[in-house]
Structure formats: C-alpha cells, structure tokens
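Q: For reference, the sequence and a predicted model appear below.
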Amino acid sequence: MRHIQSALAVGVLIAGLSISGCQTTGHKPPPNEDPEVRAVPQVPFEPQFVRVPIQLGEGRYANLFAPGSYAEWQVPIAMLKSADGETTESMPATPTGFLIIEVHVESIFPDMSIAYDVVGFRGVDVYLQTPDGRMVRPSQRSVGTELMEIAEGALRHYGRTNRVYFPAAEANLTQPAAGPGAPLRLVLQGYDSTYYFEWPAKPMPGPEKQALADRPGTQKLKHGYNEFTGRTKGFLHRFD
C-alpha cells in the first residue's frame with residue numbers, strides 16, 4: 001500500500017509541475033514585433049565636473065597644446081568638483097539661449113608662430129561633439145584674457161583664455177533619465193592634430209531596488225507553490 005501511495009505522490013507531483021510550467025511559461029514576441037516600443041526618456045545634460053583637462057585625440061603633433069590646458073563649463077552651479085578633485089564655487093550664470101565654455105589653452109610648441117596662433121584658436125576648428133553624435137559649431141568666439149608669454153630657454157610658453165558660445169537650442173544637450181549617458185566633447189582640430197575636452201554625464205539615480213522576497217514574481221511563485229502542496233497533501237490523505 002505504501003508503494004502505491006508513493007507512486008501516486010510522484011505522479012501527482014510531476015503532473016502538477018507540468019501544469020504549473022505550462023501556466024507560467026508564455027510566448028513573448030521579440031522586441032521588434034512590439035508595436036509600442038518607446039524611446040528612452042531623456043533629461044537635460046548635466047556634467048559630472050566643471051573643469052576638465054585637455055586630451056590628445058590623434059594626429060601629427062602630440063605637443064601642440066601644453067598639459068596645463070583645460071576647459072570650464074560655464075553654468076549657474078554653486079559648487080561642483082573638477083576632474084582633478086578641486087572644488088569650484090560661484091560659477092557665472094549662462095546667458096539665456098547660450099551654452100558658454102571657457103577654454104584656457106597653453107602651448108610651448110617649438111614653432112613659436114604656431115604656438116602663438118593656437119592659443120588664440122587661429123587655424124583651429126572648434127566644435128561640440130554631442131552625446132548623441134552631432135557636431136555643433138559655435139556662434140561666437142571671444143578672447144577672455146591677455147596673452148601670457150613666458151620665456152623657457154629658447155622657447156616661448158604662450159597661454160590665453162577664450163570663451164566659446166553655442167546656441168543652446170541647437171545643441172539640445174540631453175542624457176538618459178536612467179542609466180549611464182555618453183560624454184560631451186569640445187573638440188579642437190588643426191595642424192593635422194585633434195585634441196578634446198570631455199565632460200562625462202552626471203550619474204542619474206537609478207530606480208530603487210526591491211527586495212527579492214517582495215517582488216511580484218516571487219510572491220506569485222510562493223502562492224502557487226503553497227496551493228500546489230496543499231492540493232497534494234489533500235489528495236494523499238485519501239489513502240490514509
């Protein structure tokens with residue numbers, strides 16, 4: 001009799017698992033068949049840092065700009081950390097309709113005429129490379145400070161601060177509302193060389209994680225298991 005009860009229990013268990021699997025497993029259409037595929041929500045772009053250093057992209061001259069060159073994001077933010085860990089306070093407000101980037105560039109290039117020109121962006125193409133891959137050119141460029149000139153042996157060390165103005169509506173800088181976003185670049189291109197300043201997007205807070213035991217799928221599975229075991233016990237009691 002015990003063998004019969006054991007065999008029946010195993011049979012009921014297998015049948016129950018088969019039915020449960022059929023009920024919980026459904027056909028899900030591939031994403032490209034879903035007629036309601038929506039774009040990822042976007043929010044205005046926010047840089048993680050205000051000040052970022054110059055970086056070499058590619059090209060002929062790796063020493064066209066000196067390492068002391070940097071760019072600052074000019075936005076009305078009271079306090080942000082720079083890429084080197086320093087804190088910048090009381091940033092000037094951006095005029096309505098424009099994104100302003102202040103660029104301090106230095107050069108100790110052996111050809112002093114080129115070094116003099118590049119710190120004033122002469123012969124240098126300047127543009128934004130947006131997070132979504134567009135190229136936006138400035139509507140205006142202006143010189144913000146007097147020329148710095150220091151003799152270093154037989155060379156001259158030049159430096160100057162420039163301001164670059166971009167139409168905010170044309171730039172239309174955004175980043176995903178959740179998850180990592182692509183960086184924004186200010187590109188300097190000239191004399192067969194490419195340099196850039198890169199602002200990573202400020203990390204956006206992700207959705208609050210729910211405990212595994214509180215997730216709807218876990219609760220549904222637990223309820224189904226309790227219901228199945230209850231039915232099995234009730235069925236086996238018939239043979240007591």
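A: Sure thing, it's come through. From a predicted model like this one, the values you see are computed outputs, not experimental measurements.
Q: Going by residue numbers, what spans are strands in this protein?
A: Ranges of strands within the chain are 42-44, 51-59, 70-74, 79-81, 87-89, 98-107, 125-129, 135-136, 140-143, 148-152, 155-167, 174-176, 184-190, 193-199, based on DSSP state E.
Q: Out of these, flag the one nearest residue 118.
A: strand 98-107 (5.2 Å; Cβ to Cβ). Every residue, glycine included, has its C-beta placed from N, CA and C.
Q: ok, residues contacting that closest one?
A: When contacts are defined by Cβ atoms under 8 Å, 6 or more residues apart in numbering, strand 98-107 is touched by residues 54, 64-66, 68-74, 94, 114-116, 118-119, 121, 139, 144, 148, 157-168, 171, 173, 186, 188, 197.
Q: and what of stretch 162-171?
A: Residues contacting stretch 162-171 (Cβ under 8 Å, 6+ apart): 74, 94, 97-105, 120-121, 126, 128, 130, 136-144, 186.
Q: Any of those buried? List them.
A: Using 16 or more other Cβ atoms under 10 Å as the burial test, those include 74, 94, 98-105, 121, 126, 128, 130, 136, 138, 186 as buried.
Q: Let me have the strands of the chain in TSV, extended by mean pLDDT.
A: Shown next, in TSV, are the strands of the chain (pLDDT from 0 to 100):
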stretch	mean pLDDT
strand 42-44	83
strand 51-59	95
strand 70-74	91
strand 79-81	41
strand 87-89	45
strand 98-107	93
strand 125-129	95
strand 135-136	94
strand 140-143	86
strand 148-152	92
strand 155-167	94
strand 174-176	81
strand 184-190	96
strand 193-199	97
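Q: Can you tell me which of those strands is nearest to residue 227?
A: Of all the strands of the chain, it is strand 174-176 that lies closest to residue 227, at 41.0 Å by Cβ to Cβ.
Q: and the closest one, which residues are buried?
A: Applying 16+ other Cβ under 10 Å to strand 174-176 flags 174-175 as buried.
Q: Residues in contact with that strand: which ones?
A: Outside strand 174-176, the residues touching it (Cβ under 8 Å, 6+ apart) are 40-46, 131-132, 181-182, 201-202, 204.
Q: Equivalent analysis for stretch 118-137, please.
A: Contacts for stretch 118-137 (Cβ under 8 Å, 6+ apart): 45, 64-65, 105-107, 109, 114, 117, 138, 141, 143, 147, 158-160, 162, 164, 166-167, 170-175, 181-191, 196, 201.
Q: gap between the two ends of that stretch?
A: Its start and end residues considered, stretch 118-137 measures 18 Å (Cα to Cα, to the nearest Å).
Q: what does stretch 166-182 give?
A: First-to-last distance for stretch 166-182 - Cα to Cα - comes to 19 Å.
Q: ditto for stretch 41-61
A: 41 Å.
Q: And stretch 133-150, by the same measure?
A: 38 Å.
Q: Give me the buried stretch members for stretch 167-178, please.
A: Per 16+ other Cβ under 10 Å, stretch 167-178 contains these buried residues: 168, 171, 173-175.
Q: any idea which of the residues you listed is the one closest to residue 153?
A: Nearest to residue 153 out of the buried residues of stretch 167-178 is residue 171 (Cβ to Cβ; 41.9 Å).
Q: how long is stretch 141-150 end to end?
A: Termini of stretch 141-150 sit 25 Å apart (Cα to Cα).
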